[in-house]
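*Asks:* Predicted model follows, preceded by the sequence.
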Amino acid sequence: MSVKAKLYGKSDWQRETVVKPSPTLGAEKYRDEARRDFARLIHCPSFRRLQGKTQLFPSHESDFFRNRLTHSLEVAQIAKSIAVRFNSTDPYFSKRPINLDLVEFAGLAHDLGHPPFGHNGEATLDRIMLSKGGFEGNAQTLRLLSRIEKKTTKNFPGASTTPIAVDGAGDDLRLGLNLTYRTLASILKYDKPIPPTKTARETAEEEKKPCKGYYADDAKLVERIKAHVCVGERESFKTVECSIMDVADDIAYSTYDLEDAFKANFLSPISMISKDDAFRSRIASKVEASLRKRFKKAHGPETTFKAEDVSTVLGELFRPLLQLDSNMTAKLEGGMEFSELAFAIAQSTGLGSHALVESGYLRTAFTSDLVGRFIRGVEIEVDEDHPSMSKVSLNLDTFKRVETLKHFAFELLISSPMLKIAEKRGDEIIRKLFDCFNDDPTLMPVDWRDLYKAIDNESWQSRVVCDYIAGMSDRYCVEVYGRLTSETPITIWKPH
């Protein structure tokens, strides 16, 4: 191991602009840079707006269902638990602990860039911006933290001067929250630029599916992040904190979306187990593709996943809830007619499935057990030459369980007719707002209007409109749409 290899170095904690300490308070020696970045996130508008953004079910339907804020809180807690486990049990990290504030930051911030109406809104904005750099939630998160949030600009490092977002030469001076490079790296999930044009996109990705990555406009920033966090060329760039967050997100998504679906009566254990062969084969093919992508060195049966494997996973997860009681077992041992047996099993398992859907105690115990098991299935591969690039992942068996639940939720919920109607409505709302603001930027708030007019360039202006809409909550997006299109708008006085 190199003597210079450290988990955190001085260059990790540098910022785009160094703000001088307050003359009255001086340097705050009682908190480090990671804690300072954590505070900036908690107090920024984009973080607050997560409470009004959809996770799975529209938040106005019930106070029970998770929104992007509560989902992010759960991801942050799971991520922190994973890091605490590594710091306590791994020989390497017990001596060089992972920064818990940084891991928690990554969990809280990972969904900041998601627009109104969830992944459906993301797809709509991507189609609109296809020839102007595209749109993608993770790329937008980096953009929010490094540019859009109004903490400071290059000419406004907290002094008494007036901040300027764009200078006379057309250079973007915004610095967002002015976070450290290591903090920005914690949300950089995909180490590749998004193709900037439609033509380039078609050669690399499906046209209708948002490309994962960062915007081409942010390429120089990403280069600076890499240079400060990990010196030298690497096959891929992803920090240990980002890897932990990514795994935590999968764990939260696969379990808590399932809990919401049970509460909403969209799903039940019985409905999942009884899906037909065609459906289970479709799930299996997606899980198998994920296995082969994730476990490239594995071969044969390890990365093979078929319809019967879906049943095996579901049976293992739900077996404790669907077991026959002692009375039923005694009847089976004493001999029973086939028709009576079939009825008895259906009744017993049906009652167990119904109990999980209806009982908050059982649902909580079920998801809590899953989360705990999945956390214990997280592994870390230490990179002693570049500790910041240590890889975190789920072991093979846990990965199969998590991926099966993830794809079940997607296929049965996000693709359902009821949510498809909401998707269609969201698509029309976002398109209408984009056209209105692009045709008449005076409809936007003054600061966004000024930003739009700062550069006479179509791509810049479209990106400004896209940024403004992407930052809206679901409810506010619908309200603005109503004020533009309804014959009976609520009020003209509500501020932007």
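*Replies:* Arrived safely, thanks for sending.

*Asks:* Thought Glu288 was touching Thr304, still the case?
*Replies:* Yes - under the criterion of Cβ atoms under 8 Å, Thr304 makes contact with Glu288 at 6.6 Å. In short, each C-beta sits where N, CA and C put it, glycine included.

*Asks:* These two: which has the busier surroundings?
*Replies:* Glu288 (17 against 13; other Cβ atoms under 10 Å).

*Asks:* Can you classify the closest residue to the more buried one other than its chain neighbours by secondary structure?
*Replies:* Nearest non-adjacent residue to Glu288, counting by Cβ to Cβ, 6 or more residues apart in numbering: Phe305, 4.0 Å away. Following DSSP: H, G, I helix; E, B strand; the rest coil, we place Phe305 in the coil state.

*Asks:* pretty sure His228 is touching Glu16, no?
*Replies:* No - using Cβ under 8 Å, His228 makes no contact with Glu16, being 10.5 Å away.

*Asks:* Find the residues that touch each one of the two.
*Replies:* Contact with both His228 and Glu16 is made by no residue, according to Cβ atoms under 8 Å, 6 or more residues apart in numbering.

*Asks:* one step back: the residue nearest to Glu288: what's it in contact with?
*Replies:* Phe305 touches Ala284, Val287, Glu288, Leu291, Lys400, counting by Cβ under 8 Å, 6+ apart.

*Asks:* Could I get the contacting residues of Ile244?
*Replies:* Counting by Cβ under 8 Å, 6+ apart, Ile244 touches Ala79, Ile82, Ala83, Ile98, Val103, Ala106, Val378, Val392.

*Asks:* For the residues you listed, which two are the farthest from each other?
*Replies:* Maximum pairwise distance among those (Cβ to Cβ): 14.7 Å, between Ala106 and Val378.

*Asks:* So which of these two has more stuff around it?
*Replies:* The neighbour comparison of Ala106 against Val378 (other Cβ under 10 Å) goes to Ala106, with 30 against 22.

*Asks:* Show the pLDDT at the more buried one.
*Replies:* At Ala106, the pLDDT value in this model is 98.

*Asks:* tell me which element it falls in.
*Replies:* According to DSSP states H and E, Ala106 maps onto helix 100-109.

*Asks:* can you list the residues that contact that helix?
*Replies:* Helix 100-109 is contacted from outside by 32, 34-35, 37-38, 41-42, 47, 72-73, 75-80, 82-84, 87, 141, 145, 182-183, 186-187, 241-242, 244-245, 248-249, using Cβ under 8 Å, 6+ apart.

*Asks:* Hmm, Ile225 is touching Ile187, no?
*Replies:* No - the pair formed by Ile225 and Ile187 falls short of the contact definition of Cβ under 8 Å, at 10.3 Å.

*Asks:* neighbour-wise, which of those two wins?
*Replies:* For Ile225 versus Ile187, the count of surrounding residues by other Cβ under 10 Å is larger for Ile187: 27 against 24.

*Asks:* For the more buried one, which three-state class applies?
*Replies:* coil.

*Asks:* My guess is it contacts Arg143. True?
*Replies:* No - with contact defined as Cβ under 8 Å, Ile187 does not reach Arg143; the gap is 10.8 Å.

*Asks:* Domain map for the chain?
*Replies:* Following automatic domain parsing, the chain resolves into domains at 10-22+30-240+418-485, 265-381.

*Asks:* From one end of the last one to the other, what's the distance?
*Replies:* Start-to-end span of domain 265-381 (Cα to Cα, to the nearest Å) is 40 Å.

*Asks:* likewise stretch 151-168?
*Replies:* First residue to last in stretch 151-168 (Cα to Cα) measures 21 Å.

*Asks:* Tally up the residues packed near His386, please.
*Replies:* That count, for His386 with other Cβ under 10 Å as the rule, works out to 19.

*Asks:* so what pLDDT did the residue nearest the centre of the chain get?
*Replies:* Taking Cα atoms, centre = their mean, the centroid of the chain lies closest to Asp111, which sits 4.4 Å from it. pLDDT recorded at Asp111 is 95.

*Asks:* same thing with Glu233?
*Replies:* Predicted confidence (pLDDT) for Glu233: 65.

*Asks:* ditto for Ser339
*Replies:* Value for Ser339, per-residue pLDDT: 65.

*Asks:* Give me whichever of the domains of the chain is most buried.
*Replies:* With neighbours defined as mean count of other Cβ atoms under 10 Å, these peak in mean count at domain 10-22+30-240+418-485, which reaches a mean of 18.

*Asks:* starting at the chain centroid, how far to that one?
*Replies:* 11 Å (Cα atoms, centre = their mean, to the nearest Å).

*Asks:* Just the terminal-to-terminal distance for that domain.
*Replies:* 53 Å.

*Asks:* please renumber so the chain begins at 420
*Replies:* Sounds good: first residue 420 from here, last item domain 429-441+449-659+837-904.

*Asks:* all helices for the stretch 770-915 of the chain, in order.
*Replies:* Using DSSP state H, counting those that start in this stretch, the helices of the stretch 770-915 of the chain run over residues 779-795, 815-828, 836-858, 865-872, 877-889, 893-904.
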